[in-house]
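Trainee: the following comprises the amino acid sequence and a computationally predicted model.
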Amino acid sequence: MATANLSAYDPDSVPDARNMRFGIVVSDWNRDVTRALLDGAVNTLKKHGTAEENIVVKHVPGSFELTLGAQWLAEYDDLDELSALVV
């Protein structure tokens, strides 16, 4: 659940992400929706300077597996941020 007013998104207030590494765990359940969310997240990260090789994506079958996928990324990758996408 978002804790920020996303309607007030100001691209100029987002910090430079060039030297940051991001992890995204995405559920393949309801693939049409989660794929669109993933594409939007990756495109936004790239827009703010993140190199493609600094975006780690882990696919899991459904929402049940998201926690294990997130744990795996947190333990085995040096990340600055970790997100989970599911519908």
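Mentor: That came in fine, so what should we check first?

Trainee: beta partners for the most centrally placed residue in the chain?
Mentor: In the chain, the centroid-proximal residue (Cα atoms, centre = their mean) is Ile24; its distance is 3.5 Å. Bridge pairing for Ile24 (DSSP bridges) gives the partners Val57, Ser83.

Trainee: quick one: contacts for it?
Mentor: Each residue near Ile24 by Cβ atoms under 8 Å, 6 or more residues apart in numbering is listed here: 38, 41-42, 55-58, 82-85. C-betas here are computed from N, CA, C, even on glycine.

Trainee: what about 7 Å?
Mentor: 38, 41, 55, 57, 83, 85 (Cβ atoms under 7 Å, 6 or more residues apart in numbering).

Trainee: give me the neighbour count for Ala17.
Mentor: Using other Cβ atoms under 10 Å, Ala17 has 20 neighbouring residues.

Trainee: and the pLDDT at it?
Mentor: We have a pLDDT of 85 for Ala17.

Trainee: also Ser83?
Mentor: For Ser83, pLDDT reads 92.

Trainee: what about Val25, neighbour count?
Mentor: Around Val25 there are 25 residues (other Cβ under 10 Å).

Trainee: so Asp39 sits in a strand?
Mentor: No: under DSSP: H, G, I helix; E, B strand; the rest coil, Asp39 sits outside any strand and is assigned helix.

Trainee: ok, now how distant is it from Asn30?
Mentor: 14 Å (Cβ to Cβ, to the nearest Å).

Trainee: okay, the two: which has more neighbours?
Mentor: More crowded of Asp39 and Asn30, by other Cβ under 10 Å: Asn30, with 13 against 10.

Trainee: so what's that one closest to, chain neighbours aside?
Mentor: Val87 (4.7 Å; Cβ to Cβ, 6 or more residues apart in numbering).
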